[in-house]
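A.B. asks: Make a model of this:
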Amino acid sequence: MSLRKRIWGWFFFDWASQPYNTLLITFIFAPYVKELMGDGTAAQSVWGFGIGAAGFCIAVLAPILGAISDVSGHRMRWIWVFSAMYFVGAYALWWAVPGDFNLVSTLIFFAIGMIGMEFATIFTNSMLPDLGPREEVGRISGNGWAFGYVGGLLALVLMLALLQENPATGRTMIGISPILGLDPAMREGTRAVGPLTAIWYAVFMVPFFLYVRDPKPAKAPRGAVMAALKGLGGTLRSLPRRPSLFAYLASSMFYRDALVGMYVFGGIYASGVLGWSIMQIGIFGILSIISGALFAWLGGMADKRFGPKPVIRTCILLLTFVAVSIVVISPTSVYFIPVPEGSALPDILFFALGAVIGAAGGVIQSASRTMMVRQADPDRMTEAFGLYALSGKATSFLAPTLIGVTTAISQSQPIGVTPLIALFLIGLALLRWVDPEGDRPCSDAPPA
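C.D. replies: As a prediction, this is how the structure comes out:
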């Protein structure tokens, strides 16, 4: 299989999996849950607890599975298993029916799909170093992220144009009834986001499975699981003696957690505070994704030229500004300056912030996995991305939970999202100790 085909096959994982983030976590399904619950504050709080629980499961299991994979091989088998979880979890959201809405089962299936997506991502990310030389990894990562954003954009446009109904009119964004005879009264067009996300993934993972090749693993040693756990323990004990890797994992733990919080609650926040309809949130999503695709591509080139560290630092500063802005923009005031009733300025500024979120969010995630390649031991790459997932998820239950608790206590959505500001700033401070070229494993680190 040619390297070009392998790279394009690898790109298709981002294309196939992006709709889970775009359609379910941010722009379509989360605001729909808010509609079903009827209370933006309660929805933001409950959604935070549910996403936090899924994040906790990912944090605990990610490095263990990565270590087992490095010892036993068979990354593709793991990707098949987690792809099945993605499909089942996403498809089952079809049954979030108005009037017969079971919040617990909805959150369980949502978590199953989210866990499948995150674990599949660990194994596909660990393949990145095999796709090109070190100096090209940043560009490849950026191009893949941009390609994924384009897939998410196309899925969102199809959803808004052909399926999702306006509750008031029963028609989609282009003024037609939902296709396939879906019943607007039962919100079948909106609920179709689950099956659409699942089927999209199944179809577009075909190029990945056709073109991506995993090196044939050596026969797993007897007691592979125990050997993997022992090796993982050795890696964790060696982290204090690898200051750059340790600082990077800690930094990314906070800033990626804050970014996920921004994605998860963006739609719910706009719906609850600005009173946006799902259609407006969809347009916000389109703008954000277009910005994300463009800047992920540009960010890949900047990563290649300047390295990932300055790219990450710039993105954190932009996202911190966005987090502060979200808190101080409301229908009645902008940065503490009152605006006339019915002013369009708050909506315009929030659309602009969405473009910044898309741009900085795409670039920082692409540059972050490039930085992980530089910091990791090449012989334990899947374990390294398991630790990377751990650093992204160890507090991923914290950001949504903090938002949930802060919102519940304050009974204010703007105050509820203030923990994001602190998380971004902590991540920025810890980035100071990260060596852009990484540090070599210490001599007593576990063998490959």
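A.B. asks: use CA for all of it now, contacts and neighbours both
C.D. replies: OK.
A.B. asks: what residue ranges in the stretch 251-400 of the chain score low on pLDDT?
C.D. replies: Residues of the stretch 251-400 of the chain meeting the criterion pLDDT under 70: 264-268, 278, 392-397.
A.B. asks: repeat that for 80
C.D. replies: Across the stretch 251-400 of the chain, the ranges flagged by pLDDT under 80 are 260-261, 263-275, 277-282, 285, 376-400.
A.B. asks: Can you tell me what sits against stretch 98-112?
C.D. replies: Residues outside stretch 98-112 that contact it (Cα atoms under 8 Å, 6 or more residues apart in numbering): 36, 50-51, 54, 85-86, 88-90, 92-93, 95-96, 186-187.
A.B. asks: For that stretch, which residues meet the burial criterion?
C.D. replies: P98, T106, L107, I108, F109, F110, A111, I112 (16 or more other Cα atoms under 10 Å).
A.B. asks: Over to stretch 346-356?
C.D. replies: Under 16+ other Cα under 10 Å, the buried positions of stretch 346-356 are P346, D347, F350, F351, L353, G354, A355, V356.
A.B. asks: And stretch 426-445, by the same measure?
C.D. replies: I426, G427, L428, L430, L431, V434, D435, P436, G438, D439, P441, A445.
A.B. asks: Now, the buried residues of stretch 98-112 that are in helices?
C.D. replies: Cross-referencing the buried residues of stretch 98-112 against helices under DSSP state H gives T106, L107, I108, F109, F110, A111, I112.
A.B. asks: Looking at pLDDT only, which of those scores worst?
C.D. replies: Among those, L107 has the lowest pLDDT, at 86.
A.B. asks: where along the chain do the strands fall?
C.D. replies: 333-334, 337-338 (DSSP state E).
A.B. asks: Let me know which of the ones you listed is the nearest to V405.
C.D. replies: Smallest distance to V405 across the strands of the chain (Cα to Cα): 25.0 Å, for strand 333-334.
A.B. asks: helices or strands up against that closest one?
C.D. replies: helix 345-375 (3 or more Cα pairs under 8 Å, 6 or more residues apart in numbering; DSSP states H and E).
A.B. asks: elements contacting the helix it packs on?
C.D. replies: helix 134-158, helix 243-273, helix 278-306, helix 308-327, strand 333-334, helix 381-393.
A.B. asks: let's go with 7 Å and repeat that
C.D. replies: helix 134-158, helix 278-306, helix 308-327 (3 or more Cα pairs under 7 Å, 6 or more residues apart in numbering; DSSP states H and E).
A.B. asks: Show the contacting residues for S330.
C.D. replies: By Cα atoms under 7 Å, 6 or more residues apart in numbering, the contact list for S330 reads V273, L274, P346.
A.B. asks: How about the backbone phi and psi for it?
C.D. replies: phi -140, psi 170 (degrees, to the nearest 10).
A.B. asks: Distance check, it against P31.
C.D. replies: The spacing between S330 and P31, counted by Cα to Cα, to the nearest Å, is 18 Å.
A.B. asks: if I pick S333, what's in contact with it?
C.D. replies: So S333 contacts V339 (Cα under 7 Å, 6+ apart).
A.B. asks: Quick check: bridge partners of it?
C.D. replies: In this entry, S333 is beta-bridged to P338, by DSSP bridges.
A.B. asks: mind checking how far it is from G189?
C.D. replies: For S333, the distance to G189 - Cα to Cα - is 35 Å.
A.B. asks: How about V33?
C.D. replies: Counting by Cα to Cα - V33 and G189 are separated by 14 Å.
A.B. asks: So if I had to pick from the two, which one is more boxed in?
C.D. replies: Comparing V33 with G189 by neighbour count (other Cα atoms under 10 Å), the higher total belongs to G189, at 27 against 21.
A.B. asks: residues contacting that one?
C.D. replies: L163, Q164, E165, P178, L182, D183.
A.B. asks: Quick check on those residues: which are buried?
C.D. replies: L163, Q164, E165, P178, L182.
A.B. asks: Can you tell me which of these lies closest to A59?
C.D. replies: Using Cα to Cα, these come closest to A59 at Q164, 33.5 Å.
A.B. asks: Between the helices and strands packed on helix 345-375, which one is closest to I364.
C.D. replies: Nearest of these (Cα to Cα): helix 308-327, 5.3 Å.
A.B. asks: Which elements pack onto the closest one?
C.D. replies: For helix 308-327, the packing partners by 3+ Cα pairs under 7 Å, 6+ apart are helix 345-375, helix 419-430.
A.B. asks: contact partners of the last one?
C.D. replies: Outside helix 419-430, the residues that touch it by Cα under 7 Å, 6+ apart are 247, 250-252, 254-255, 258, 313, 316, 320, 323-324, 399, 402-403.
A.B. asks: of all the buried residues of stretch 98-112, which comes closest to L24?
C.D. replies: F110 (8.5 Å).
A.B. asks: Would you check how far apart the closest one and R139 are?
C.D. replies: 32 Å.
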